[in-house]
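>>> Sequence isn't available, so here's the structure alone:
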């Protein structure tokens, strides 16, 4: 397994609401903070703590995003699905919101390039997929 560490900018994301990150505009931050509140704050903290991972199978088109949550690792699919209970309950059932904090963390990490890339074999991918789901 090969891990490529994320490029860490000098500023902390959550500590200053990413004010210094040129990839994320001020109004975008304010809009997300207003819309998602605590979920946005948790997402920033999750990115700060390096809990967003991109698993890649070389020489294939397979890549999966994983966010390490408070209870387990959750799989993110195409910025529209997360395997966590909050997504199931708050997004799908109650339709209170359109994203859980894991989805937000993945989107922030991808945009700011603050995630770990982990290369795995196809056999490892199959094993991990069972764990993630």
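All right, it came through fine. Here the structure is a predicted model, which means the values were calculated and not measured.
>>> Give the next helix or strand downstream of the helix or strand of the chain with the lowest mean pLDDT.
Here the helix or strand of the chain ranked lowest by mean pLDDT, DSSP states H and E is strand 2-4, holding a mean of 59. Where DSSP states H and E defines the elements, the next helix or strand beyond strand 2-4 is helix 26-36.
>>> for that next one, packing partners?
The contact analysis (3 or more CB pairs under 8 Å, 6 or more residues apart in numbering; DSSP states H and E) places helix 26-36 against helix 38-48, helix 101-112. Just so you know, the C-beta spots here come from the backbone N, C-alpha and C atoms, and that holds for glycine as well.
>>> Report the inter-axis angle for that helix versus helix 101-112.
Interaxial angle of helix 26-36 relative to helix 101-112 (axes from the mean of the first three to the mean of the last three CA atoms, to 10 degrees): 170 degrees.
>>> roughly how far out does helix 26-36 sit from the chain middle?
Helix 26-36 sits 17 Å away from the centroid of its parent chain (CA atoms, centre = their mean, to the nearest Å).
>>> Would you indicate which residues of it are buried?
For helix 26-36, burial by neighbour count (16 or more other CB atoms under 10 Å) applies to 29, 32, 36.
>>> just the angle between that helix and helix 38-48, please?
Between helix 26-36 and helix 38-48, the angle comes out at 120 degrees (the same axes, to 10 degrees).
>>> What average pLDDT does helix 26-36 get?
The pLDDT scores in helix 26-36 average 83.
>>> which residue sits closest to the residue most central in space within the chain, ignoring its sequence neighbours?
Nearest to the mean C-alpha position of the chain, counting by CA atoms, centre = their mean, stands residue 106 at 2.1 Å. Of all residues not flanking residue 106 in the chain, residue 76 sits nearest, at 4.5 Å (CB to CB, 6 or more residues apart in numbering).
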